[in-house]
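*Asks:* I'd like to go over a predicted model; first the sequence, then the structure.
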Amino acid sequence: MHNNTVTPVAVLGASGYVGRELIGLLDEHPDVGVAFATSQTERDVLGHRSVPLEAADGRWSDVGMVFSCLPHGVSAPVVERARVAGARVIDLSSDLRLSDRAVYGLTEVARPALPEAAVVANPGCYPTAALIALLPFARAGLIDTTRPIVINAASGVSGAGRSPKRELLFAEVAEDFRAYGVGNVHRHLPEITGHLTPLTGPADIVFTPHLLPVRRGILSTVHVPVMEPLEREAGERVLLDAYAGEPCIRVIRGGIPSLRDVVYRNRVALGVTPVQHVSRPMLTVVSAIDNLVKGAAGQAIQNMNVMLRLPETQGLLC
């Protein structure tokens, strides 16, 4: 059903990279309008005059949807105040992603629960890329959990946020490539394991993120131990069957995706190949997303569209 009424929305924390991306996409959306935006640092965000966060509490009744792009640890109390006041909320922080107070908004999984959801926790960018790659094999019972799943993922610099940091200066990042969160300690690991192991049972996952000297995009290389050998075509068939009809997922047959397949798009691109020269069977699944779009603002709008019973890809390029 298509709703011809323009829904007013609010964007909290609009001046960060995700907030700015969200404002830009919402401005092009035919069925919503930005009623107000908040920022503690900028008075104007992409043509929208911003107000301090404390001013939002008196305006929840003005909007039909609230997007919270507030920092981790700050967002949850504000989300709760908006919810109690009757607003529906999509939280783009990590605060509620493992909480029963919100629907986990990986759209391709959560779609049935979204139309009635009061609060949706938008997934993280790294977990989006990893889970979309892994879930079809987990559901098919193909993952050998006696061996670890190894995820090596590389993100553009915008994934680190807009706050100034010396290690993210151009001269520090350009012509370099480095790992961080080494030792399986990155904050996104519990989100990945928390939404995968209910399907697989206990499983070891080794997740190592890397910083790419580009503005945007994530390329995630996932090494998956499998119960029995699978040729490329069989691995592709698992993905194609799982995501048949999905407008924002593309399986590249006979190939592997790159960032060029996804930047500025609300798309996950996937490719798979068997691992050669190993004693026990493995697959390598490569997934690519734009960290600011399908990894954040675009998936939030995809979720909003389903929540408001609008066409799912309205206002999005998949």
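*Replies:* All right, it came through fine.

*Asks:* Can you show me the helices along the stretch 201-318 of the chain?
*Replies:* 232-242, 298-307 (DSSP state H, counting those that start in this stretch).

*Asks:* packing partners for the last one?
*Replies:* Taking 3 or more CB pairs under 8 Å, 6 or more residues apart in numbering; DSSP states H and E as contact, the helices and strands that helix 298-307 lies on are helix 17-27, strand 65-68, strand 89-91, helix 107-110. Quick note: C-beta positions are derived from backbone N, CA and C, even for glycine.

*Asks:* pLDDT of that helix, averaged?
*Replies:* The average pLDDT for helix 298-307 rounds to 98.

*Asks:* ok, now the longest one?
*Replies:* Helix 232-242 comes out with an average pLDDT of 98.

*Asks:* Name the residues of that helix that are buried.
*Replies:* By 16 or more other CB atoms under 10 Å, the buried positions in helix 232-242 come out as 235-239, 242.

*Asks:* Other residues contacting that helix?
*Replies:* The contact list for helix 232-242 (CB atoms under 8 Å, 6 or more residues apart in numbering) reads 135-137, 139-140, 142, 230, 251, 253-254, 270, 272-274, 283, 285.

*Asks:* Show me the shaky parts of the chain.
*Replies:* For the chain, the stretches with pLDDT under 70 are 1-4, 160-164, 166, 168-171.

*Asks:* per-domain residue ranges of it.
*Replies:* 7-122+295-307, 125-291 (automatic domain parsing).

*Asks:* looking at the ones you listed, which is closest to residue 316?
*Replies:* With CB to CB as the criterion, residue 316 lies closest to domain 125-291 of the domains of the chain, at 4.4 Å.

*Asks:* For that closest one, what is the distance to the chain centroid?
*Replies:* With CA atoms, centre = their mean, to the nearest Å as the basis, domain 125-291 stands 12 Å off its chain's centre.

*Asks:* Now the terminal residues of that domain, how far apart.
*Replies:* Domain 125-291 has its terminal residues 5 Å apart, counting by CA to CA, to the nearest Å.

*Asks:* Over to stretch 6-18?
*Replies:* So stretch 6-18: terminal residues 23 Å apart, CA to CA.

*Asks:* Buried ones in it, by neighbour count?
*Replies:* The neighbour-count criterion (16+ other CB under 10 Å) identifies 7, 9-18 as the buried residues of stretch 6-18.

*Asks:* next one: stretch 84-99
*Replies:* Neighbour-count burial for stretch 84-99 [16+ other CB under 10 Å]: 87-97.

*Asks:* hang on, residue 175 in a helix?
*Replies:* No: assessed with DSSP: H, G, I helix; E, B strand; the rest coil, residue 175 is coil; it does not lie in a helix.

*Asks:* Reformat the buried residues of helix 232-242 as JSON lines; add distance to residue 221.
*Replies:* As requested, the buried residues of helix 232-242 are exported to JSON lines (distance: CB to CB, whole Å):
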{"residue": "235", "distance to residue 221": "14"}
{"residue": "236", "distance to residue 221": "17"}
{"residue": "237", "distance to residue 221": "21"}
{"residue": "238", "distance to residue 221": "17"}
{"residue": "239", "distance to residue 221": "15"}
{"residue": "242", "distance to residue 221": "19"}
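
*Asks:* Can you say which of the helices of the stretch 201-318 of the chain is nearest to residue 212?
*Replies:* Smallest distance to residue 212 across the helices of the stretch 201-318 of the chain (CB to CB): 19.2 Å, for helix 298-307.

*Asks:* Spell out which helix or strand contains residue 35, please.
*Replies:* Using DSSP states H and E, residue 35 maps to strand 32-38.

*Asks:* Mind giving me the packing neighbours of that strand?
*Replies:* Contact here means 3+ CB pairs under 8 Å, 6+ apart; on that basis strand 32-38 packs against strand 7-12, helix 17-27, strand 48-51.

*Asks:* any idea how far residue 155 is from residue 280?
*Replies:* 30 Å (CB to CB, to the nearest Å).
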